[in-house]
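# Return a 3D structure for these sequence lines:
(chains A and B)
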Amino acid sequence: MIELKNVSKWYDEFQVLNDCSTQVAKGEVVVVCGPSGSGKSTLIKCVNGLEAFQKGEIYVDGTSVGDAGTNLPQLRSHIGMVFQNFELFPHISVTENIKLAQLKVLGRSDDESQQNAARLLERVGLSDQADKHPAQLSGGQQQRVAIARALAMDPVAMLFDEPTSALDPEMINEVLDVMVELATDGMTMMVVTHEMGFARRVADRVIFMDEGRIEEDCSKEEFFNSERGERAQIFLSKILEH
Amino acid sequence: MFGEFDTSVIFDNLHFLLEGMQTTLILTVIAICGGLVLGTLLALARLAPFKPLSFIAGSYVNFFRSMPLILVIFWFYFLVPHIVGRPVGGFYSVLVAFVMFEAAYYCEIMRAGIQSVRKGQIYAGQALGLTYTQNMRYVVLPQAFRNMVPILMTQAIILFQDTSLVYVVGVKDFLVSADLVANRENRILEMFTTVALVYFVICLSGSLLVRRLQRKFAQ
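Numbering: from 1, shown residues only, chains lettered A, B, ... in the order given. Reported below is the predicted structural model:
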């Protein structure tokens, strides 16, 4: 479904991604972790072409992301993405947030978009917030709307870029619950997160990144049970301590 | 002189003065709308990744922002009939002058507004599959516009005052109408006091509205 081959990226002289290769199969859930500045957010943004990369290739559902001839908006329209800071559109209501791209990108009718929005809001448990503006919602609620907005496009895969990092602790679980449900429903997911509990519950594989490199790429069982590289061990001990 | 401050001259000439005010308001409103549309297009051009386009828009803005408004008004008064090949009258030439002049200022306001929209919002629009144009139209510009409402309105108030400069080419706006009445009826003090009061009340109300909006947006 998602395939990265030897992806490298530079900001001027500074190399943020160094020869990254991995893949996410259909229905697979892959968690990407690593210290801040390790390039994990950059990597996931390369998958749908939000960030350009200079070397290597990325394929999503058979389409090359880096190819100049690729219609990126069309490709992105069926890859869902959820951001650290939610990024709901603040000037329109929750329902309109979920309808916008359905109407303008997929060309769905107003009725159909409205029904989808209502169905997805129910799925994330926010039917009663449909007519509010994003600023009137808590962080956890906003992130659930953001997930609903991405799902409205009927994505073939979902990318999550630290979806719970900006949340107060008591709101993290409501978002993770929605994500776990998605994972068990068979959604293909690539998730940048430090939530190791989430990784243990639903991940198929765990990728550990450090200084722009993929240092570990193994099954969840291997990652949590066996000997790992030194850096991964230090990282894991730091985030599991508390 | 104060003993014979005669307000009847205002009411006797009310119709004439209101016609002048109508011209002032029409000029202001059209210059705001036209300037805003042209200014937004210029702002988009200035921010475009295509360098020549950005350069042309930047030059336009720098040029008009370096010119005194009164010169621009004069200049278009002689230039516009020359371009269209027939006399167009003072009103239309100042209209063009104001739209083109204001566009340079609105461009800079809208540019700041567009840049005030967080990068993450643009990412979010892109990630949903919106094209550049759709992202601008549905995500970025509405937010840029909202963020800039107080400054856009302040600029509109300045524009409202600046329209009085049309007297140099003889367009009968509020000030010129009042001037005509003042001279015809020899009631200079009454007329200019009235004009000052009217400008004051309108501009102050505008400023108070801006302050209220600012407070509302700050919340």
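
# Every contact and neighbour count from this point should use C-alpha atoms.
Will do.

# ok, now how distant is the closest residue in space to A:Arg149 that isn't next to it in sequence from B:Gly85?
Leaving aside its sequence neighbours, A:Arg149 sits nearest to A:Ile98 (Cα to Cα, 6 or more residues apart in numbering or on different chains; 4.4 Å). Distance, A:Ile98 to B:Gly85, using Cα to Cα, to the nearest Å: 53 Å.

# which of these two has more neighbours?
Ranked by neighbour count (other Cα atoms under 10 Å in any protein chain shown), A:Ile98 and B:Gly85 place A:Ile98 first, with 30 against 9.

# helices or strands next to the helix or strand harbouring that one in the packing?
Assigned by DSSP states H and E, A:Ile98 belongs to helix A:94-104. Using 3 or more Cα pairs under 8 Å, 6 or more residues apart in numbering or on different chains; DSSP states H and E, the elements in contact with helix A:94-104 are helix A:110-123, helix A:139-151.

# Show me the contact partners of the first one.
Meaning helix A:110-123. The contact list for helix A:110-123 (Cα atoms under 8 Å, 6 or more residues apart in numbering or on different chains) reads A:95, A:98-99, A:102-103, A:127, A:130, A:145, A:148-149, A:151-152.

# Mean confidence (pLDDT) on it, please.
Helix A:110-123 shows a mean pLDDT of 96.

# Taking helix A:94-104 as reference, get the angle to that helix.
Going by axes from the mean of the first three to the mean of the last three Cα atoms, to 10 degrees, helix A:110-123 is angled at 130 degrees with respect to helix A:94-104.

# repeat for the last one
Inter-element angle recorded for helix A:139-151 and helix A:94-104: 20 degrees (by the same axes, to 10 degrees).

# The following helix or strand past helix A:139-151 and chain B in contact?
Remark: after helix A:139-151, the chain's next helix or strand is strand A:157-161, criterion DSSP H and E. No. Strand A:157-161 does not reach chain B (Cα under 8 Å from any Cα of the partner chain); its nearest approach is 9.9 Å.

# helices and strands around strand A:157-161, which ones?
Counting contacts by 3+ Cα pairs under 8 Å, 6+ apart, strand A:157-161 is packed against helix A:40-47, strand A:79-82, strand A:189-192.

# In CSV: the ones you listed, plus mean pLDDT, mean neighbour count and distance to chain B.
Listed next are these as CSV, based on pLDDT from 0 to 100; neighbours: other Cα atoms under 10 Å in any protein chain shown; distance: least, Cα to the nearest Cα, whole Å:
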stretch, mean pLDDT, mean neighbour count, distance to chain B
helix A:40-47, 95, 23, 9
strand A:79-82, 96, 27, 6
strand A:189-192, 96, 27, 15
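
# I'd like those as TSV, with distance to A:Lys5 appended.
Below are the helices and strands packed on strand A:157-161 laid out as TSV (distance: least, Cα to Cα, whole Å):
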stretch	distance to A:Lys5
helix A:40-47	11
strand A:79-82	19
strand A:189-192	16
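
# Many thanks, I have nothing further to ask.
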